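Engineer: Here's a sequence, model it:
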Amino acid sequence: VWCQAQSSTRSYGPVFEEQPSHTLFPEGSAEEKVTLTCRARASPPATYRWKMNGTEIKLEPDSRYRLVAGDLVISNPVKAKDAGSYQCLASNSRGTVVSREASLRFGFLQEFSAEERDPVKITEGWGVMFACSPPPHYPGLSYRWLLNEFPNFIPADGRRFVSQTTGNLYIAKTEASDLGNYSCFATTHMDFITKSVFSKFSRLSLAAEDARQFAPSIKARFPADTYALTGQMVTLECFAFGNPVPRIKWRKLDGSQSSKWIGSEPLLQIQDVDFEDEGTYECEAENIKGRDTYQGRIIIQAQPEWLKVISDTEADIGSDLRWSCAASGKPRPAVRWLRDGQPLTSQNRIEVSGGELRFSKLVLEDSGMYQCVAENKHGTVYASAELTVQALAPDFRLSPVKRLIPAARSGKVIIPCQPRAAPKATVLWTKGTELLVNSSRVTITADGTLIIQNISKSDEGKYTCFAENSLGKANSTGILSVRDATKITLAPSSADINVGENLTLQCHASHDPTMDLTFTWALDDFPIDLDSSEGHYRRASVKEAVGDLSISNAQLRHSGRYTCTAQTVVDSASESATLTVRGPPGPPGGVVVTDIGDTSVQLSWSRGFDNHSPIARYLVEARTLLSSTWKQMRTNPVNIEGNAETAQVVNLIPWMDYEFRVLASNILGVGEPSLPSSKIRTKEAAPTVAPSGLGGGGGAPHELIINWTVSWGWEEAKGRRMCLFFWEIIPKSLPLALLPHNTSCLPAGDGAAAQPLVPVVPRGCCPVRKRILSHLLSFSEPKVAPYRVVAKSVLSSEMDVSWEPVEQGDVTGVLLGYEIRYWKDGDKEEAADRVRTAGLVTSAHVTGLNPNTNYHVSVRAYNRAGTGPPSASTNVTTTRP
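Structural biologist: This next block holds a predicted model:
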């Protein structure tokens, strides 16, 4: 209850929750007041004051200034009296803090000069610039130009450009359509108020001449030095006269183009600029007659930002204190300090040095609200903290000595003594009436903690901590009770098992019967969480003195040193054992391919973990572009011993891309594979495997389709070809010597020519020296049609079709099957759907029809050359659904 009362009545200094912001008030606004906000939480509640330009504002009853809570309300604001910088001060009995500065500025836009503007006369085809000369204003303006009348605004179309910096209008190359009267139209945006004014008109007239072309000349230029703050958007302008109209290009001379660039020819905009955007930028204007360039720098600076701030601190009277704060920014921020809203400088016990504030031998009067202020020309930031200097007599109410202190026989006990006191209290300990001093078993630390080691029954009794400082004294007592020590009576034993096997590690303990006993296990000093072990660990017994650990389906990761700890509230005992889990080897490392030949390579690798069982042998696997499956390869030596780290892979395919990997094995199995090697290609070689499965038939008239199968071995070198040999079959009576032979070569990408398939033709590569006229086998599509076609509806969307076949003798080549065509009544046959059968079947089942619909059906025979003539069509109507 005392603690709660202290908490609820605790006082603290003001902490800002709302601070004033920069405010723009439009002149002539219908609003009759300006409100600058300020609110701070504090206990007791804060009172508020305001400063304008560093001078405190007097809040008199008839003043235009009044305070609403912490807000400052200014009635009927006037620029001459009220424009300036404002700060809020929040105070209570604990101290004062000052808000950030906020400016009140007045927005306005006056009218353009009433003087007439001079007319402009220029030769057609030349460039021209109209000056806007905007009237006095605040803040900035946006600009457009009128041609002849409102609202005929001139678009920015590449030939014409309106600078948003000066308001000037530029025309790169004048045309007849540019004749007319021009007026600058300026607009200001002030919060919810928009105001626009426009200038007197200036007339443009053109002298007609043959427009000659001329090189670009840059007229609208960005400043030589453009300053910007980090996080802002930077806009650079560049526009040139020229005929033809020049193209504008941008580049950064000391770096590459950023993804933050937004380019639209006359403008370069860079979003969210940072220090890497600083540098020299070039604008280039170019046409067919030449080019012009202009360069300028972007210089990035930054407002102050805190890197380190101060925080509320409680310190003892008479102690030393060091506070520090640090801020980034460009230019580098200057740092100053405030105490209760007033500047703080070095004096007596206080040293101020930039971001460092040091106190020597604190006194109560040092309590208060402190602020660290970092500022450069771009802004100011404040960090606030409260310093409370404490002066307290020793008090044990928050942290008394524990009343009952159990300790284990032969063990160690630690009894803290932590009274609240300022300055720090000196501490003495007694046992009964005996004053305790440091000895071989008893230690009193610098902070007053009592430590007793090798405890015996004689150490039982009352222990009292006495604390004293210059303001008073206090004491607190506890009773030490000595209990039986906890001991491991059955320790776990080291063991070796294989992956997947089960094991129980035993652990039994004795302890003082008046206390609860718990068991915990750790693997290599990391606690084991039985609930998240995926079923591998569980307690093997529920008996209080038994803490056996059961391990199921052991994995390699379960190897290590297991520690069983039996623990009570006063002591603990531990014993350890080593578990070795044996398994297949780990993956070899670093597979490297060297000595690459046409059919062999040399592999080397580094040895992986043997996982507690010696490596017996290695296996080599490979994969190619032809298959993503890994296949075991032949090696030299055939059996790679477990102590080897290199082997030759043989029987490879020439001119083939390969990846290799290595696997290790032991008596427990084959381990995980290594990572794949880098992809390599074997060297080229002559073909070793001939094509197989030669066959074919069919084709269009004067065509013969021939098929064959190519084995791996044909992709064996660059410049490969397939050579096809063929000849005409003539009567047996013709002498063999008169047989006309022919050869046709088919390019087939990279490789070598395969060996000929017909023995009577000599070996050789295409092209052949002499081409012999051949007589090609000639096939054509079927010449007859099926007949007796019958179609029968079986469901609302299905029908059966049957027919009489054509005679095989009526078909040249091989009959491949039949094609059924069906189409709705009213449609043309060209729109028919088609179903094909394979082989010599003479019926078909057709699905996907529309219910209650009349269809026409015909059937054709087909071979490789195409389809034959149609049968007579028949009709069928599908049933209702």
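Engineer: would you list every one of the helices in this protein?
Structural biologist: Listed in chain order, the helices of the chain (DSSP state H) span 2-8, 79-82.
Engineer: For residue 808, give me its contacts.
Structural biologist: By CB atoms under 8 Å, 6 or more residues apart in numbering, residue 808 lies in contact with residue 815. In short, each C-beta sits where N, CA and C put it, glycine included.
Engineer: separation between it and residue 861?
Structural biologist: Using CB to CB, to the nearest Å, one gets 10 Å for the distance from residue 808 to residue 861.
Engineer: got any residues that touch both of the two?
Structural biologist: What both residue 808 and residue 861 touch, as defined by CB under 8 Å, 6+ apart, is the set residue 815.
Engineer: any idea which of the helices of the chain scores lowest on pLDDT?
Structural biologist: Lowest mean pLDDT within those: helix 2-8, at a mean of 42.
Engineer: Tell me which other helices or strands the lengthiest strand in the chain touches.
Structural biologist: As assigned by DSSP state E, the longest strand anywhere in the chain is strand 290-308. Applying 3 or more CB pairs under 8 Å, 6 or more residues apart in numbering; DSSP states H and E, we find strand 290-308 packed against strand 214-221, strand 225-229, strand 234-243, strand 279-287, strand 326-330, strand 368-376, strand 379-390.
Engineer: And those: which comes nearest residue 597?
Structural biologist: Among those, strand 279-287 comes nearest to residue 597, with 54.8 Å by CB to CB.
Engineer: Parallel or antiparallel, list what pairs with that closest one.
Structural biologist: strand 247-252 (antiparallel), strand 290-308 (antiparallel) (DSSP bridges).
Engineer: between the longest strand of the chain and strand 368-376, how big is the angle?
Structural biologist: 170 degrees (axes from the mean of the first three to the mean of the last three CA atoms, to 10 degrees).
Engineer: between strand 290-308 and strand 326-330, how many degrees?
Structural biologist: Using the same axes, to 10 degrees: strand 290-308 against strand 326-330 is 170 degrees.
Engineer: Now strand 290-308: buried residues?
Structural biologist: 291-292, 294, 296-298, 300-304, 306 (16 or more other CB atoms under 10 Å).
Engineer: which one among those gets closest to residue 282?
Structural biologist: residue 294 (7.1 Å).
Engineer: so the closest one touches residue 239, yeah?
Structural biologist: No - using CB atoms under 8 Å, residue 294 is not in contact with residue 239; the gap is 10.4 Å.
Engineer: Check the contact lists of the two and give me the overlap.
Structural biologist: Here residue 294 and residue 239 have residue 218 as joint contacts, going by CB under 8 Å, 6+ apart.
Engineer: From residue 443, how far off is the residue positioned nearest the centre of the chain?
Structural biologist: For the chain, residue 259 is the residue whose C-alpha lies nearest the centre (CA atoms, centre = their mean; 16.8 Å). Using CB to CB, residue 259 is found at 65 Å from residue 443.
Engineer: do residue 876 as well
Structural biologist: For residue 876, the distance to residue 443 equals 109 Å [CB to CB].
Engineer: quick one: which of these two has more around it?
Structural biologist: residue 876 (19 against 15; other CB atoms under 10 Å).
Engineer: Quickly list what residue 845 is bridged to.
Structural biologist: Here residue 845 sits in beta bridges with residue 800, going by DSSP bridges.
Engineer: can I assume it is in contact with residue 798?
Structural biologist: Yes - Residue 845 lies in contact with residue 798 (CB under 8 Å); the separation is 6.8 Å.
Engineer: Residue 208: what's it in contact with?
Structural biologist: residue 124.
Engineer: same check, this time on residue 220
Structural biologist: 161, 163, 166, 168, 170, 237-240, 266.
Engineer: ok, now with 7 Å
Structural biologist: 161, 163, 170, 237-239 (CB atoms under 7 Å, 6 or more residues apart in numbering).
Engineer: For burial, what's the neighbour tally of the residue nearest to residue 634 when sequence neighbours are not counted?
Structural biologist: The spatially closest residue to residue 634, leaving aside those adjacent along the chain, is residue 651, at 4.8 Å (CB to CB, 6 or more residues apart in numbering). The number of residues packed near residue 651 is 10, by other CB under 10 Å.
Engineer: what about residue 651, distance to residue 663?
Structural biologist: For residue 651 relative to residue 663 (CB to CB), the value is 19 Å.
Engineer: and the residue nearest to residue 231 when sequence neighbours are not counted, how many neighbours?
Structural biologist: Computed as CB to CB, 6+ apart, the closest residue to residue 231 that is not its neighbour in sequence is residue 272, at 5.8 Å. The local packing of residue 272 (other CB under 10 Å) involves 11 other residues.
Engineer: quick one on the thing from earlier: and residue 845 and residue 798? which has more neighbours close in?
Structural biologist: Neighbours were counted for residue 845 and for residue 798 using other CB under 10 Å; residue 798 has more, 14 against 10.
Engineer: Spit out the contact partners of that one.
Structural biologist: Going by CB under 7 Å, 6+ apart, the list of residues near residue 798 reads 845-847, 849.
Engineer: As CSV, those with pLDDT and distance to residue 186 would be great.
Structural biologist: Shown next, in CSV, are the contacts of residue 798 (pLDDT from 0 to 100; distance: CB to CB, whole Å):
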residue, pLDDT, distance to residue 186
845, 93, 83
846, 93, 79
847, 91, 76
849, 92, 75
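Engineer: could you dump the residues you listed to a markdown table with distance to residue 657?
Structural biologist: Listed next are the contacts of residue 798 as a markdown table, based on distance: CB to CB, whole Å:
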| residue | distance to residue 657 |
| --- | --- |
| 845 | 47 |
| 846 | 48 |
| 847 | 46 |
| 849 | 51 |
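Engineer: Closest to residue 350 out of those?
Structural biologist: Residue 350 lies nearest to residue 847 out of those, by CB to CB, at 98.2 Å.
Engineer: Report how many residues lie close to that closest one.
Structural biologist: Residue 847: 10 neighbours (other CB under 10 Å).
Engineer: what does the one 3 residues further on give?
Structural biologist: Look at residue 850: counted by other CB under 10 Å, it has 12 neighbours.
Engineer: show me the contacts for it.
Structural biologist: Applying CB under 7 Å, 6+ apart, we find residue 850 in contact with residue 878.
Engineer: Give me the domain ranges for the chain.
Structural biologist: Domain assignment for the chain by the TED database gives 12-107, 115-212, 215-302, 309-390, 400-483, 487-582, 590-682, 787-878.
Engineer: Save the ones you listed as CSV, and put in distance to residue 726 too.
Structural biologist: Shown next, in CSV, are these (distance: least, CB to CB, whole Å):
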stretch, distance to residue 726
domain 12-107, 93
domain 115-212, 68
domain 215-302, 63
domain 309-390, 85
domain 400-483, 102
domain 487-582, 63
domain 590-682, 28
domain 787-878, 16
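Engineer: Counting neighbours, what do you get for residue 527?
Structural biologist: 11.
Engineer: Nearest residue to it in space, please, no chain neighbours.
Structural biologist: With CB to CB, 6+ apart, the residue lying closest to residue 527 is residue 520, at 6.4 Å.
Engineer: pLDDT on stretch 537-548, on average?
Structural biologist: 87.
Engineer: Report the buried residues of it.
Structural biologist: 537, 540-541, 546-548.
Engineer: Pull the most distant pair out of those.
Structural biologist: Pairwise distances across the buried residues of stretch 537-548 (CB to CB) peak at 15.7 Å, for the pair 537 and 546.
Engineer: from what I can see residue 695 touches residue 707, true?
Structural biologist: Yes - counting by CB atoms under 7 Å, residue 695 touches residue 707, with 5.5 Å between them.
Engineer: got any ranges where the stretch 701-850 of the chain has weak pLDDT?
Structural biologist: Scanning the stretch 701-850 of the chain for pLDDT under 70 picks out 701-703, 711-720, 727-779, 812-813.
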